[in-house]
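>>> Structure of the sequence below:
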Amino acid sequence: MMKSLKELTIQKGCAILRLKAKRYYRWCNRKPVMKKTAWNRITPDEERSILKAARDESLCDFRAAELMVYGHESKEFYCSVSTVQRVLKKNRLQAPYEIPRRKRPKKPDIRHLMSEPKRIFSYDATDFYLTNGLRVIVIPILDMGSRKFIHFGARIVSFRQNDVTDIWDEALWKEDIDTSLLTALSDRGSQMKGSKTKLHLIGKHNIRLEFARPYTPDDNAWIESFIKYMKYHPACPDRFETVQDMVDWITKFQKLYNEHPHSSLGYVRPNEEHAGLGNAIRKARKENLTVSKQNRLSYYHSQKGQVSDYGLAEDRVCNNVLCQNKERENHGNGQVAKNGSLEPFKETGDFRDNSLKILCRNR
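Residues are numbered from 1 along each chain as shown. Here you go, the predicted model:
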(Lines give C-alpha, C1' and ligand atoms only; values in the text may rest on other atoms or scores of the structure.)
Protein backbone atom coordinates (compact mmCIF):
# COMPACT_ATOMS: atom_id res chain seq x y z
CA MET A 1 0.00 0.00 0.00
CA MET A 2 2.85 2.39 0.76
CA LYS A 3 4.49 1.70 -2.57
CA SER A 4 1.25 2.48 -4.43
CA LEU A 5 1.08 6.00 -2.99
CA LYS A 6 1.45 8.74 -5.63
CA GLU A 7 0.21 11.94 -4.04
CA LEU A 8 1.86 11.41 -0.64
CA THR A 9 5.40 10.66 0.24
CA ILE A 10 6.45 7.66 2.26
CA GLN A 11 7.15 9.90 5.27
CA LYS A 12 3.60 11.34 5.25
CA GLY A 13 2.08 7.93 4.63
CA CYS A 14 3.93 6.50 7.61
CA ALA A 15 2.77 9.44 9.74
CA ILE A 16 -0.87 8.78 8.78
CA LEU A 17 -0.48 5.08 9.63
CA ARG A 18 1.37 5.98 12.83
CA LEU A 19 4.30 3.90 11.69
CA LYS A 20 7.93 4.88 11.99
CA ALA A 21 9.71 5.24 8.64
CA LYS A 22 12.72 3.39 10.03
CA ARG A 23 10.59 0.35 10.77
CA TYR A 24 9.01 0.52 7.35
CA TYR A 25 12.40 0.41 5.61
CA ARG A 26 13.54 -2.43 7.90
CA TRP A 27 10.49 -4.45 6.88
CA CYS A 28 11.14 -3.79 3.22
CA ASN A 29 14.74 -4.98 3.50
CA ARG A 30 13.89 -8.02 5.65
CA LYS A 31 15.28 -11.30 4.35
CA PRO A 32 13.10 -14.42 4.21
CA VAL A 33 13.39 -16.61 7.30
CA MET A 34 15.18 -19.85 6.57
CA LYS A 35 14.17 -22.97 8.44
CA LYS A 36 16.93 -23.93 10.83
CA THR A 37 18.27 -27.43 10.77
CA ALA A 38 20.32 -29.07 13.50
CA TRP A 39 23.82 -29.91 12.42
CA ASN A 40 23.67 -33.37 14.06
CA ARG A 41 20.34 -34.41 12.56
CA ILE A 42 20.26 -37.95 11.19
CA THR A 43 20.48 -38.33 7.46
CA PRO A 44 17.67 -39.73 5.31
CA ASP A 45 19.71 -42.92 4.78
CA GLU A 46 19.98 -43.45 8.52
CA GLU A 47 16.24 -42.86 8.96
CA ARG A 48 15.49 -45.42 6.25
CA SER A 49 17.77 -47.93 7.96
CA ILE A 50 15.92 -47.43 11.25
CA LEU A 51 12.54 -47.92 9.54
CA LYS A 52 13.82 -51.01 7.72
CA ALA A 53 14.90 -52.56 11.01
CA ALA A 54 11.61 -51.59 12.67
CA ARG A 55 9.53 -53.22 9.90
CA ASP A 56 11.59 -56.40 9.93
CA GLU A 57 9.45 -59.30 11.21
CA SER A 58 12.38 -60.88 13.02
CA LEU A 59 12.88 -57.64 14.98
CA CYS A 60 9.22 -56.74 15.58
CA ASP A 61 9.47 -57.56 19.31
CA PHE A 62 12.41 -55.25 19.86
CA ARG A 63 11.95 -52.05 21.80
CA ALA A 64 13.65 -48.77 20.93
CA ALA A 65 16.65 -49.59 23.12
CA GLU A 66 17.06 -53.00 21.53
CA LEU A 67 16.81 -51.48 18.02
CA MET A 68 19.53 -49.02 18.98
CA VAL A 69 21.76 -51.90 20.11
CA TYR A 70 20.95 -53.82 16.92
CA GLY A 71 21.93 -50.81 14.78
CA HIS A 72 25.31 -50.53 16.50
CA GLU A 73 26.01 -54.25 16.29
CA SER A 74 24.92 -54.59 12.65
CA LYS A 75 26.63 -51.27 11.76
CA GLU A 76 23.59 -50.15 9.77
CA PHE A 77 22.93 -46.98 11.81
CA TYR A 78 24.39 -45.25 14.83
CA CYS A 79 22.03 -43.17 16.97
CA SER A 80 20.64 -42.83 20.46
CA VAL A 81 17.53 -44.42 21.94
CA SER A 82 15.62 -41.14 21.86
CA THR A 83 16.34 -40.77 18.12
CA VAL A 84 14.95 -44.26 17.44
CA GLN A 85 11.86 -43.45 19.51
CA ARG A 86 11.33 -40.18 17.63
CA VAL A 87 11.59 -41.91 14.22
CA LEU A 88 9.21 -44.69 15.26
CA LYS A 89 6.71 -42.21 16.67
CA LYS A 90 6.91 -40.05 13.52
CA ASN A 91 6.05 -43.05 11.33
CA ARG A 92 3.46 -44.47 13.77
CA LEU A 93 5.42 -47.64 14.45
CA GLN A 94 5.39 -47.26 18.25
CA ALA A 95 2.51 -47.59 20.69
CA PRO A 96 1.64 -44.38 22.55
CA TYR A 97 3.53 -44.06 25.79
CA GLU A 98 1.42 -44.35 28.93
CA ILE A 99 2.67 -43.05 32.23
CA PRO A 100 2.85 -45.97 34.67
CA ARG A 101 0.48 -45.28 37.52
CA ARG A 102 0.69 -46.79 40.93
CA LYS A 103 -2.22 -49.04 41.77
CA ARG A 104 -4.51 -47.50 44.33
CA PRO A 105 -5.12 -49.69 47.38
CA LYS A 106 -8.58 -51.19 47.71
CA LYS A 107 -10.87 -51.13 50.70
CA PRO A 108 -10.29 -54.24 52.85
CA ASP A 109 -13.18 -56.68 52.59
CA ILE A 110 -13.49 -58.07 56.11
CA ARG A 111 -17.24 -57.94 56.81
CA HIS A 112 -17.70 -61.68 56.27
CA LEU A 113 -15.01 -62.40 58.87
CA MET A 114 -16.88 -60.56 61.63
CA SER A 115 -19.64 -63.15 61.83
CA GLU A 116 -17.72 -65.25 64.37
CA PRO A 117 -14.95 -64.64 66.93
CA LYS A 118 -11.26 -65.47 66.55
CA ARG A 119 -11.27 -64.72 62.83
CA ILE A 120 -10.07 -61.12 62.57
CA PHE A 121 -8.08 -59.00 65.02
CA SER A 122 -7.68 -55.24 64.67
CA TYR A 123 -4.95 -53.19 66.30
CA ASP A 124 -3.71 -49.62 66.33
CA ALA A 125 -1.56 -47.29 68.41
CA THR A 126 -2.67 -44.39 70.60
CA ASP A 127 -0.88 -42.16 73.08
CA PHE A 128 -1.35 -41.21 76.73
CA TYR A 129 0.55 -38.56 78.69
CA LEU A 130 1.91 -38.38 82.21
CA THR A 131 1.82 -35.32 84.42
CA ASN A 132 5.47 -34.60 83.59
CA GLY A 133 4.67 -34.56 79.85
CA LEU A 134 6.10 -38.00 79.06
CA ARG A 135 4.38 -39.71 76.14
CA VAL A 136 3.36 -43.37 76.46
CA ILE A 137 2.23 -45.39 73.43
CA VAL A 138 -0.49 -48.03 73.95
CA ILE A 139 -1.19 -50.70 71.30
CA PRO A 140 -4.54 -52.46 71.93
CA ILE A 141 -5.66 -55.59 70.05
CA LEU A 142 -9.41 -56.05 69.53
CA ASP A 143 -11.29 -59.12 68.32
CA MET A 144 -13.76 -57.64 65.85
CA GLY A 145 -15.99 -60.73 65.84
CA SER A 146 -16.65 -60.78 69.58
CA ARG A 147 -15.59 -57.17 70.38
CA LYS A 148 -13.32 -58.54 73.11
CA PHE A 149 -10.35 -56.49 74.25
CA ILE A 150 -7.71 -59.20 73.78
CA HIS A 151 -4.40 -57.68 74.85
CA PHE A 152 -2.43 -54.46 74.92
CA GLY A 153 1.16 -53.30 75.16
CA ALA A 154 2.66 -50.04 76.43
CA ARG A 155 5.87 -48.43 75.20
CA ILE A 156 7.46 -45.15 76.25
CA VAL A 157 7.91 -42.30 73.73
CA SER A 158 7.77 -44.50 70.59
CA PHE A 159 7.59 -48.10 69.40
CA ARG A 160 9.26 -50.21 66.72
CA GLN A 161 8.45 -53.26 64.64
CA ASN A 162 9.98 -55.53 67.29
CA ASP A 163 7.53 -54.11 69.84
CA VAL A 164 4.59 -54.92 67.57
CA THR A 165 5.77 -58.51 67.06
CA ASP A 166 6.30 -58.98 70.82
CA ILE A 167 2.79 -57.74 71.62
CA TRP A 168 1.34 -60.09 69.01
CA ASP A 169 3.28 -63.04 70.42
CA GLU A 170 1.89 -62.31 73.88
CA ALA A 171 -1.68 -62.00 72.59
CA LEU A 172 -1.56 -65.22 70.52
CA TRP A 173 0.04 -67.18 73.36
CA LYS A 174 -2.70 -65.88 75.66
CA GLU A 175 -5.52 -66.85 73.28
CA ASP A 176 -4.11 -70.16 72.01
CA ILE A 177 -6.03 -70.13 68.70
CA ASP A 178 -5.48 -71.43 65.17
CA THR A 179 -3.66 -68.55 63.52
CA SER A 180 -4.07 -69.97 60.00
CA LEU A 181 -7.69 -68.70 60.05
CA LEU A 182 -6.77 -65.34 61.55
CA THR A 183 -6.60 -61.98 59.77
CA ALA A 184 -4.91 -58.86 61.16
CA LEU A 185 -6.25 -55.42 60.21
CA SER A 186 -4.32 -52.20 60.81
CA ASP A 187 -3.47 -48.88 59.23
CA ARG A 188 -0.42 -48.29 57.02
CA GLY A 189 1.96 -47.17 59.72
CA SER A 190 5.63 -47.94 59.20
CA GLN A 191 5.66 -50.24 62.25
CA MET A 192 2.59 -52.17 61.05
CA LYS A 193 3.61 -52.43 57.41
CA GLY A 194 7.33 -52.95 57.91
CA SER A 195 9.16 -55.97 56.50
CA LYS A 196 9.96 -57.38 59.95
CA THR A 197 6.34 -57.25 61.06
CA LYS A 198 5.14 -58.86 57.84
CA LEU A 199 7.76 -61.57 57.97
CA HIS A 200 6.96 -62.36 61.60
CA LEU A 201 3.15 -62.43 61.31
CA ILE A 202 3.00 -64.16 57.94
CA GLY A 203 6.05 -66.42 58.20
CA LYS A 204 5.82 -67.51 61.83
CA HIS A 205 2.09 -67.37 62.61
CA ASN A 206 0.64 -67.70 59.08
CA ILE A 207 -1.65 -64.67 59.61
CA ARG A 208 -3.23 -62.91 56.66
CA LEU A 209 -2.64 -59.14 56.72
CA GLU A 210 -5.08 -56.44 55.66
CA PHE A 211 -4.35 -52.71 55.63
CA ALA A 212 -6.68 -49.73 55.56
CA ARG A 213 -6.42 -47.23 52.75
CA PRO A 214 -4.22 -44.16 53.32
CA TYR A 215 -5.98 -41.28 55.11
CA THR A 216 -9.15 -43.40 55.47
CA PRO A 217 -9.79 -44.18 59.15
CA ASP A 218 -13.28 -45.45 58.27
CA ASP A 219 -11.73 -48.67 56.93
CA ASN A 220 -10.71 -49.53 60.51
CA ALA A 221 -13.47 -47.68 62.33
CA TRP A 222 -13.95 -50.37 65.01
CA ILE A 223 -10.56 -49.91 66.64
CA GLU A 224 -10.85 -46.12 66.29
CA SER A 225 -14.17 -46.15 68.14
CA PHE A 226 -12.74 -48.46 70.80
CA ILE A 227 -9.75 -46.18 71.40
CA LYS A 228 -12.04 -43.17 71.73
CA TYR A 229 -14.20 -45.01 74.27
CA MET A 230 -11.08 -46.02 76.22
CA LYS A 231 -9.56 -42.52 76.30
CA TYR A 232 -12.80 -40.61 76.99
CA HIS A 233 -14.22 -42.99 79.60
CA PRO A 234 -15.55 -41.04 82.62
CA ALA A 235 -13.19 -42.91 84.95
CA CYS A 236 -10.12 -42.24 82.79
CA PRO A 237 -8.00 -39.34 84.13
CA ASP A 238 -6.57 -36.73 81.80
CA ARG A 239 -3.00 -37.53 82.85
CA PHE A 240 -1.33 -40.20 84.94
CA GLU A 241 1.31 -39.90 87.59
CA THR A 242 3.37 -42.91 86.52
CA VAL A 243 3.43 -45.46 83.72
CA GLN A 244 2.26 -48.14 86.15
CA ASP A 245 -0.83 -46.07 86.98
CA MET A 246 -1.70 -45.96 83.30
CA VAL A 247 -1.16 -49.73 82.90
CA ASP A 248 -3.35 -50.39 85.96
CA TRP A 249 -6.12 -48.22 84.51
CA ILE A 250 -6.07 -49.99 81.14
CA THR A 251 -6.11 -53.38 82.89
CA LYS A 252 -9.13 -52.26 84.87
CA PHE A 253 -10.78 -50.93 81.73
CA GLN A 254 -10.12 -54.24 79.95
CA LYS A 255 -12.10 -56.17 82.58
CA LEU A 256 -14.84 -53.52 82.60
CA TYR A 257 -15.17 -53.52 78.81
CA ASN A 258 -15.20 -57.30 78.39
CA GLU A 259 -17.89 -57.72 81.07
CA HIS A 260 -20.15 -54.95 79.76
CA PRO A 261 -23.04 -55.91 77.39
CA HIS A 262 -22.33 -54.73 73.86
CA SER A 263 -25.15 -53.37 71.68
CA SER A 264 -23.69 -54.71 68.41
CA LEU A 265 -23.74 -58.23 69.93
CA GLY A 266 -27.37 -58.03 70.95
CA TYR A 267 -26.33 -56.95 74.47
CA VAL A 268 -24.15 -59.99 75.01
CA ARG A 269 -20.90 -59.57 76.91
CA PRO A 270 -17.73 -59.77 74.78
CA ASN A 271 -16.33 -62.52 77.02
CA GLU A 272 -19.43 -64.63 76.43
CA GLU A 273 -19.39 -63.97 72.69
CA HIS A 274 -15.67 -64.80 72.51
CA ALA A 275 -16.32 -68.12 74.30
CA GLY A 276 -18.95 -69.05 71.70
CA LEU A 277 -22.00 -68.56 73.94
CA GLY A 278 -23.47 -65.59 72.10
CA ASN A 279 -25.88 -67.49 69.84
CA ALA A 280 -27.20 -69.62 72.72
CA ILE A 281 -27.78 -66.54 74.89
CA ARG A 282 -29.60 -64.66 72.15
CA LYS A 283 -31.71 -67.73 71.33
CA ALA A 284 -32.62 -68.23 74.99
CA ARG A 285 -33.62 -64.58 75.31
CA LYS A 286 -35.80 -64.88 72.24
CA GLU A 287 -37.52 -67.97 73.65
CA ASN A 288 -38.03 -66.21 76.98
CA LEU A 289 -39.66 -63.28 75.22
CA THR A 290 -41.99 -65.67 73.36
CA VAL A 291 -43.00 -67.41 76.60
CA SER A 292 -43.52 -64.08 78.35
CA LYS A 293 -45.68 -62.90 75.47
CA GLN A 294 -47.88 -65.98 75.77
CA ASN A 295 -48.14 -65.57 79.54
CA ARG A 296 -49.16 -61.93 79.17
CA LEU A 297 -51.81 -62.90 76.60
CA SER A 298 -53.23 -65.57 78.93
CA TYR A 299 -53.26 -63.13 81.83
CA TYR A 300 -55.03 -60.56 79.67
CA HIS A 301 -57.80 -63.01 78.70
CA SER A 302 -58.26 -64.16 82.33
CA GLN A 303 -58.56 -60.59 83.57
CA LYS A 304 -60.97 -59.75 80.80
CA GLY A 305 -63.29 -62.64 81.85
CA GLN A 306 -63.33 -61.52 85.49
CA VAL A 307 -63.95 -57.85 84.76
CA SER A 308 -66.80 -58.35 82.28
CA ASP A 309 -69.60 -58.64 84.94
CA TYR A 310 -68.33 -55.65 86.85
CA GLY A 311 -68.35 -53.63 83.68
CA LEU A 312 -71.99 -54.46 82.99
CA ALA A 313 -73.09 -53.40 86.50
CA GLU A 314 -71.17 -50.17 86.15
CA ASP A 315 -72.92 -49.55 82.85
CA ARG A 316 -76.33 -50.03 84.49
CA VAL A 317 -75.59 -47.44 87.18
CA CYS A 318 -74.41 -44.95 84.58
CA ASN A 319 -77.51 -45.58 82.49
CA ASN A 320 -79.80 -44.96 85.52
CA VAL A 321 -78.03 -41.67 86.27
CA LEU A 322 -78.37 -40.58 82.65
CA CYS A 323 -82.06 -41.52 82.62
CA GLN A 324 -82.78 -39.54 85.78
CA ASN A 325 -81.01 -36.47 84.38
CA LYS A 326 -82.99 -36.83 81.17
CA GLU A 327 -86.32 -37.04 83.04
CA ARG A 328 -85.48 -33.90 85.00
CA GLU A 329 -84.63 -32.08 81.83
CA ASN A 330 -87.86 -33.19 80.14
CA HIS A 331 -89.85 -32.16 83.23
CA GLY A 332 -88.30 -28.69 83.16
CA ASN A 333 -89.05 -28.34 79.47
CA GLY A 334 -92.67 -29.32 80.12
CA GLN A 335 -93.11 -26.60 82.67
CA VAL A 336 -91.67 -24.08 80.30
CA ALA A 337 -94.04 -25.25 77.61
CA LYS A 338 -96.98 -24.87 80.00
CA ASN A 339 -95.96 -21.35 80.98
CA GLY A 340 -95.64 -20.40 77.35
CA SER A 341 -92.77 -18.99 75.38
CA LEU A 342 -90.21 -16.75 77.00
CA GLU A 343 -90.83 -13.09 76.46
CA PRO A 344 -87.91 -10.94 75.32
CA PHE A 345 -86.27 -8.97 78.06
CA LYS A 346 -87.08 -5.32 78.07
CA GLU A 347 -84.18 -3.09 78.74
CA THR A 348 -84.91 -0.05 80.88
CA GLY A 349 -82.42 2.49 81.94
CA ASP A 350 -78.71 2.05 81.76
CA PHE A 351 -77.16 -1.28 80.74
CA ARG A 352 -75.30 -1.45 84.04
CA ASP A 353 -78.58 -1.58 85.90
CA ASN A 354 -79.85 -4.56 83.88
CA SER A 355 -76.55 -6.44 83.57
CA LEU A 356 -77.20 -8.69 86.58
CA LYS A 357 -80.67 -9.63 85.34
CA ILE A 358 -79.33 -10.36 81.87
CA LEU A 359 -76.64 -12.64 83.27
CA CYS A 360 -79.18 -14.53 85.38
CA ARG A 361 -81.47 -14.88 82.41
CA ASN A 362 -78.63 -16.27 80.21
CA ARG A 363 -77.69 -18.73 82.90
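
>>> When you work out contacts or count neighbours from here on, use the C-alpha atoms and nothing else.
Fine.

>>> Is Tyr304 within a helix or a strand, and which one?
Just to correct that, residue 304 is Lys rather than Tyr. helix 278-339 (DSSP states H and E).

>>> Measure how buried Asn29 is and give me the count.
By other CA atoms under 10 Å, the residues close to Asn29 number 9.

>>> Distance check, it against Gln294.
113 Å (CA to CA, to the nearest Å).

>>> Repeat that for Met230.
Counting by CA to CA, the separation of Met230 from Gln294 is 42 Å.

>>> out of the two, which sits in the more crowded spot?
Met230 (17 against 12).

>>> Quick one: mean pLDDT for stretch 128-139?
Averaged across stretch 128-139, pLDDT comes to 95.

>>> what comes up buried for it?
Neighbour counts over stretch 128-139 (16 or more other CA atoms under 10 Å) mark 128-130, 135-139 as buried.

>>> Pull out the buried positions in stretch 265-279.
By neighbour count on 16+ other CA under 10 Å, the buried set for stretch 265-279 is 265, 268-274, 278.

>>> does Gln161 really touch Gly189, like I thought?
No: Gln161 is not in contact with Gly189 according to CA atoms under 8 Å; the separation is 10.2 Å.

>>> got any residues that touch both of those two?
Taking CA atoms under 8 Å, 6 or more residues apart in numbering as the criterion, Gln161 and Gly189 do not both touch any residue.

>>> Count the residues that sit near Val87.
Residues near Val87, counting by other CA under 10 Å: 19.

>>> Let me know the secondary structure of it.
Under DSSP: H, G, I helix; E, B strand; the rest coil, Val87 falls in the helix class.

>>> so the nearest residue to it once chain neighbours are set aside is in which element?
Nearest non-adjacent residue to Val87, counting by CA to CA, 6 or more residues apart in numbering: Glu47, 7.1 Å away. Under the criterion of DSSP H and E, Glu47 resides in helix 44-55.

>>> Okay, now the unreliable bits of the chain?
Where the chain drops to pLDDT under 70, the residues are 307-363.

>>> Kindly report the domain assignment for it.
Domains of the chain are assigned by automatic domain parsing as 44-90, 111-263, 277-307.

>>> Output these in a markdown table; the columns should cover distance to Arg104.
Shown next, in a markdown table, are those (distance: least, CA to CA, whole Å):
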| stretch | distance to Arg104 |
| --- | --- |
| domain 44-90 | 28 |
| domain 111-263 | 9 |
| domain 277-307 | 38 |
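
>>> the helices in this structure, which residues?
Using DSSP state H, the helices found in the chain span residues 10-16, 21-28, 44-55, 64-74, 81-90, 161-175, 190-193, 195-198, 221-231, 243-258, 270-274, 278-339, 351-362.

>>> Just say which of the ones you listed is most tucked in.
Greatest average neighbour count among these goes to helix 270-274 (a mean of 21), per mean count of other CA atoms under 10 Å.

>>> Against which helices or strands is it packed?
strand 148-156, helix 243-258 (3 or more CA pairs under 8 Å, 6 or more residues apart in numbering; DSSP states H and E).

>>> Could you check how far the longest one is from the centre of its chain?
Put plainly, it is helix 243-258. 30 Å (CA atoms, centre = their mean, to the nearest Å).

>>> Give me the angle between it and helix 221-231.
120 degrees (axes from the mean of the first three to the mean of the last three CA atoms, to 10 degrees).
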